[in-house]
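Colleague: please find the sequence and the predicted model below.
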2 protein chains.
Amino acid sequence: MLLVKKFGGSSVADPERIIRVASRVKKAVERGDQVVVVVSAMGDTTDDLIGLALRLTPCPSAREMDMLLSTGEQVSIALVSMALHQLGCGAVSMTGPQAGITTDGVYAKAQITGINPERMQRELGNGNVVVGAGFQGISASADITTLGRGGSDTTAVAVAAALKADLCEIYTDVDGVYTADPRVVPDVRKLEQISHDEMLELASLGAVVLHPRAVELAKLYGVPMVVRSSFNENPGTLIKEVDKLEQAAVVTGIAHDTNVAKIGLFDVQDEPGIASRIFLALAAENINVDMIIQGATRGGRNDIAFTTSRDDLSKALEVIHGLQDVVGAEGVCHAEDLAKVSIVGAGMVSFPGVAAEMFRALAEEGINIEMISTSEIKVSCVVDRKDVERAVQSLHARFELHEV
Amino acid sequence: MLLVKKFGGSSVADPERIIRVASRVKKAVERGDQVVVVVSAMGDTTDDLIGLALRLTPCPSAREMDMLLSTGEQVSIALVSMALHQLGCGAVSMTGPQAGITTDGVYAKAQITGINPERMQRELGNGNVVVGAGFQGISASADITTLGRGGSDTTAVAVAAALKADLCEIYTDVDGVYTADPRVVPDVRKLEQISHDEMLELASLGAVVLHPRAVELAKLYGVPMVVRSSFNENPGTLIKEVDKLEQAAVVTGIAHDTNVAKIGLFDVQDEPGIASRIFLALAAENINVDMIIQGATRGGRNDIAFTTSRDDLSKALEVIHGLQDVVGAEGVCHAEDLAKVSIVGAGMVSFPGVAAEMFRALAEEGINIEMISTSEIKVSCVVDRKDVERAVQSLHARFELHEV
């Protein structure tokens, strides 16, 4: 098998942990697997480097930050390779550029535009482990660019896709993906497998074992992934395209997100272009909008409400107050003590009663629903933050997701 | 003017010093100069990285060490660029590969094989300061290689040569090149200028303000250099080709080196190939041999003596004992408490009495000369280590090098 194994910063935080990673890789090599390791910067390295930069300037240039931060992964790949050598395992480290990873050149949040796997393939063919730097690549102008949040996961998936790897293994500090947050629900069950779409919804909805970007890429290229613990040999959760004929679970898991704020505009003019005006203005300020609800038109007036993260609330309010006259809104309100609870399941598309079942469960708990949003494989409700844990627990029980 | 300014690790050891470097560069920019800055890794970074590697393996692979250590300069260039930005100065950092520095691919002690200055020229043309990483380059196989000892000085000179810079400034913690070691001679004089050849001899002879490798390269390409302090604005010492018509000093300076050991072989067979056998065997073990003296032949037998550094003595003795029978030597002796004192001056070629004057000065001090070696511009004597400071002092006085 050709495996891509991704280890995050905490897995390579010190020489002892690096040796543990190397031993784990060696076992796979001894089983006859070809292995590409993708690593992040050691422990707090990235934060330390950012701290150094901020002692020089409050607003470092994005290009120079990428130049600075990319050294973190370069240190890791050299040390992991040395550890493998020490265990008698052939290994070659590769920076993003050496691994042939090209990007669009947008500093701090570059997108991978291509991977030339030639050199990695050559080294694998020579019987070496390839130890590649996550989070980085090189632009067409030969500048070093980093991929931003979730960067190393994305590197691992992209490398797996380019090499047509049999599996992309993401090593983390939990055993896999659970039916709900174990801190909220005591009897959660670890999922044996989950579809890319479901994982994508769970990842976007606040179950942060994996960055949505990486999942999206894996879905696009059909890369099978597994999320598993770097501390034990448990099999983890497999993320793969679910066979259409296979019986998909109606509800796979419950996600929740406590970082939710809502803004409402009353009595907005009901004219074409009003909504686009509002949301383009928010996008221009890089404010991520999640749910959008537009009420039924009453006499040429509309209510529009949307949710965003609490971090973005004050910026969003500024934008909205600036637009209030332009869009002819009578009033603006906001709430920040909100949360979102979602049920996710690839099978719910064929069971129309699932959403109603969710609403009933919440109603029986006396939990008020502020907003609702649905997709083919999820139903999300915005509720009061104080109610969200109870909401998760009751839905977990209602859909019988507990350990059997 | 187009200037290359090289700052060593202690000049960029912390954010405060980095800001000082940036301010200095900014002044040059404000005077209308184009500037390329070449920097080393911050302070103890290199040692810290080596320490990390040794916690993983007693014998790290040279390729992975280069991968690891080259991150040190990359951190420095990013931070120096940020500091320049903060001062309102356009700046672009460049790794060795980005600066177009190619090497022969010998890890840990690569030689620069070429520099493609295109990108540096473009950035200079755009009005930017170029901040280049010293000590590193990229091999034909796209591997990162470091240049070994004196690497950043060598980078600076090579970049200056490739860009046809008007001056290569080496910033250090002393004011320039002195007539002798200030710790030995109280009334040393700072030299205003010195030829590449003289500097080369001084550098090789133990006055370690500048690595001989860098001086050699500067001589080869006729790059004018200055050695000056990073702590003040003093003009430093200019190193340049001395005009043949110009009156060169008979003696420019006195160098000394206390790291000298001697090995002697008695009654070696006087046959062609014996000397080459000895010194090829030493070279194969990477033992640097300095002076070699072969005595006059008496009845088909010879005495051969040579000096090496004390660090290499035991390894050299091993080699020599292994060869003793092969070369037919009757005996081997060694001494390690030796030192070398040298007078250097481009003008001495036209004054044949200089060597004799040196010997007389030493004799008058009662200092015994063990070995002598001469070149066109220097005379070196090996003496007892306990005598070397007195030797330097007396020669400094005899050739009237004191401050006027």
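Modeller: It's in. Residues are numbered from 1 along each chain as shown, chains lettered A, B, ... in the order given.

Colleague: when you work out contacts or count neighbours from here on, use the C-alpha atoms and nothing else.
Modeller: Will do.

Colleague: who are the contact partners of A:Tyr221?
Modeller: A:Ala161 (Cα atoms under 8 Å, 6 or more residues apart in numbering or on different chains).

Colleague: let's see 10 Å
Modeller: A:157-158, A:160-162, A:164, A:215 (Cα atoms under 10 Å, 6 or more residues apart in numbering or on different chains).

Colleague: what's the answer for A:Thr71, then?
Modeller: Contacts for A:Thr71 were tallied using Cα under 10 Å, 6+ apart; they are A:41, A:45-46, A:49, A:95, A:133, A:136, B:67-68, B:70-75.

Colleague: buried ones in the one helix or strand it maps to?
Modeller: Per DSSP states H and E, A:Thr71 falls inside helix A:62-86. Going by neighbour count (16 or more other Cα atoms under 10 Å in any protein chain shown), the buried part of helix A:62-86 is A:62-86.

Colleague: please apply the same query to stretch A:389-404.
Modeller: Residues of stretch A:389-404 classed as buried: A:389-396, A:399, A:401-402 (neighbour count, 16+ other Cα under 10 Å).

Colleague: in the sheet, which strands lie alongside the longest strand along chain A, parallel or antiparallel?
Modeller: Longest strand in chain A, counting residues (DSSP state E): strand A:253-269. Strand A:253-269 has these partner strands in its sheet, going by DSSP bridges: strand A:301-308 (antiparallel), strand A:331-344 (antiparallel).

Colleague: how far off centre is that strand?
Modeller: Here strand A:253-269 is found 20 Å from its chain centre; the criterion is Cα atoms, centre = their mean, to the nearest Å.

Colleague: next one: stretch A:273-281
Modeller: Distance, stretch centre to chain centre, for stretch A:273-281: 27 Å (Cα atoms, centre = their mean).

Colleague: OK, contacts around A:Asp303?
Modeller: A:264-270, A:293-297, A:329-332.

Colleague: among these, name the buried ones.
Modeller: Buried subset of the contacts of A:Asp303 (neighbour count, 16+ other Cα under 10 Å): A:264-270, A:329, A:332.

Colleague: count of residues packed around A:Pro368?
Modeller: Pro isn't right for residue A:368; it's Asn. By the measure other Cα atoms under 10 Å in any protein chain shown, the count of residues near A:Asn368 is 15.

Colleague: then the one 3 residues further on?
Modeller: By other Cα under 10 Å, 17 other residues sit near A:Met371.

Colleague: A:Arg228 too?
Modeller: A:Arg228 has 23 neighbours, counted by other Cα under 10 Å.

Colleague: before we move on, what about A:Glu271?
Modeller: Neighbours of A:Glu271 using other Cα under 10 Å come to 11.

Colleague: checking it next. Helix, strand or coil?
Modeller: coil (DSSP: H, G, I helix; E, B strand; the rest coil).

Colleague: for it, give its distance to B:Leu49.
Modeller: For A:Glu271, the distance to B:Leu49 (Cα to Cα, to the nearest Å) stands at 63 Å.

Colleague: next: A:Asp267.
Modeller: From A:Asp267 to B:Leu49 the distance is 63 Å (Cα to Cα).

Colleague: how about the contacts made by the residue nearest in space to the middle of chain A?
Modeller: For chain A, the residue nearest the mean C-alpha position is A:His211 (1.8 Å; Cα atoms, centre = their mean). Neighbour list for A:His211: A:149-154, A:199-200, A:203-204 [criterion: Cα under 10 Å, 6+ apart].

Colleague: got it, and A:Pro60?
Modeller: A:50, A:53-54, B:78-79, B:81-83, B:85-86.

Colleague: now do A:Asp173
Modeller: Taking Cα under 10 Å, 6+ apart, we find A:Asp173 in contact with A:8, A:10-11, A:209, A:227-232.

Colleague: restricted to strands, list these.
Modeller: A:227-229.

Colleague: ok, the residues you listed vs A:Ser23, which is closest?
Modeller: A:Ser229 (14.7 Å; Cα to Cα).

Colleague: what segments of the stretch 1-150 of chain A are helices?
Modeller: Applying DSSP state H, counting those that start in this stretch to the stretch 1-150 of chain A gives helices spanning A:15-30, A:45-54, A:62-86, A:118-125.

Colleague: turn those helices into TSV, including mean pLDDT.
Modeller: Formatted as TSV, those follow (pLDDT from 0 to 100):
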stretch	mean pLDDT
helix A:15-30	97
helix A:45-54	95
helix A:62-86	98
helix A:118-125	97
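
Colleague: let's have those helices in JSON lines, adding distance to A:Val319.
Modeller: Converted to JSON lines, the helices of the stretch 1-150 of chain A look like this (distance: least, Cα to Cα, whole Å):
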{"stretch": "helix A:15-30", "distance to A:Val319": "47"}
{"stretch": "helix A:45-54", "distance to A:Val319": "29"}
{"stretch": "helix A:62-86", "distance to A:Val319": "25"}
{"stretch": "helix A:118-125", "distance to A:Val319": "48"}
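
Colleague: among these, which is nearest A:Ser309?
Modeller: The minimum distance between A:Ser309 and the helices of the stretch 1-150 of chain A falls on helix A:45-54, with 23.4 Å, by Cα to Cα.

Colleague: what are the buried residues along that closest one?
Modeller: Buried residues in helix A:45-54, defined by neighbour count with 16+ other Cα under 10 Å: A:45-46, A:49, A:52-53.

Colleague: and A:Asp243, what pLDDT?
Modeller: A:Asp243 is assigned 67 on the pLDDT scale.

Colleague: got the domain boundaries for chain A?
Modeller: Residue ranges for each domain of chain A read A:2-172, A:254-398, as given by automatic domain parsing.

Colleague: and the shortest one, how far out from the chain's middle?
Modeller: Here domain A:254-398 shows a centroid-to-chain-centroid distance of 21 Å under the convention Cα atoms, centre = their mean.

Colleague: that domain - what's its average pLDDT?
Modeller: 89.

Colleague: what about it, start to end distance?
Modeller: Domain A:254-398 has an end-to-end distance of 11 Å (Cα to Cα).

Colleague: closest to A:Ala248 out of the strands paired with strand A:253-269?
Modeller: Between the strands paired with strand A:253-269, strand A:331-344 lies closest to A:Ala248; by Cα to Cα that is 11.4 Å.

Colleague: tell me the angle the helix or strand following that closest one makes with strand A:331-344.
Modeller: Downstream of strand A:331-344, the first helix or strand assigned by DSSP H and E is helix A:354-364. Angle between the axes of helix A:354-364 and strand A:331-344 is 110 degrees (criterion: axes from the mean of the first three to the mean of the last three Cα atoms, to 10 degrees).

Colleague: what pairs with the very next helix or strand once past helix A:354-364, parallel or antiparallel?
Modeller: Next helix or strand after helix A:354-364 toward the C-terminus (DSSP H and E): strand A:369-375. According to DSSP bridges, strand A:369-375 forms sheet pairs with strand A:378-384 (antiparallel).

Colleague: can I get the CA coordinates of the strand it pairs with in CSV?
Modeller: This file holds the C-alpha atoms of strand A:378-384, laid out as CSV (Å, rounded to 0.1, in the frame of the first residue of the first chain):
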residue,chain,number,x,y,z
LYS,A,378,-28.0,18.0,7.5
VAL,A,379,-30.5,20.0,9.5
SER,A,380,-29.3,22.9,11.6
CYS,A,381,-31.1,24.8,14.3
VAL,A,382,-30.0,28.0,16.0
VAL,A,383,-30.9,27.9,19.7
ASP,A,384,-30.1,29.8,22.8
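
Colleague: about what we covered before: and the contacts of A:Pro60 as CSV, adding distance to B:Ile343?
Modeller: Below are these laid out as CSV (distance: Cα to Cα, whole Å):
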residue, distance to B:Ile343
A:Ile50, 51
A:Ala53, 47
A:Leu54, 50
B:Ala78, 43
B:Leu79, 42
B:Ser81, 42
B:Met82, 45
B:Ala83, 43
B:His85, 47
B:Gln86, 47
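
Colleague: out of the residues you listed, which comes closest to A:Glu169?
Modeller: Nearest to A:Glu169 among those: A:Ile50, at 28.6 Å, using Cα to Cα.
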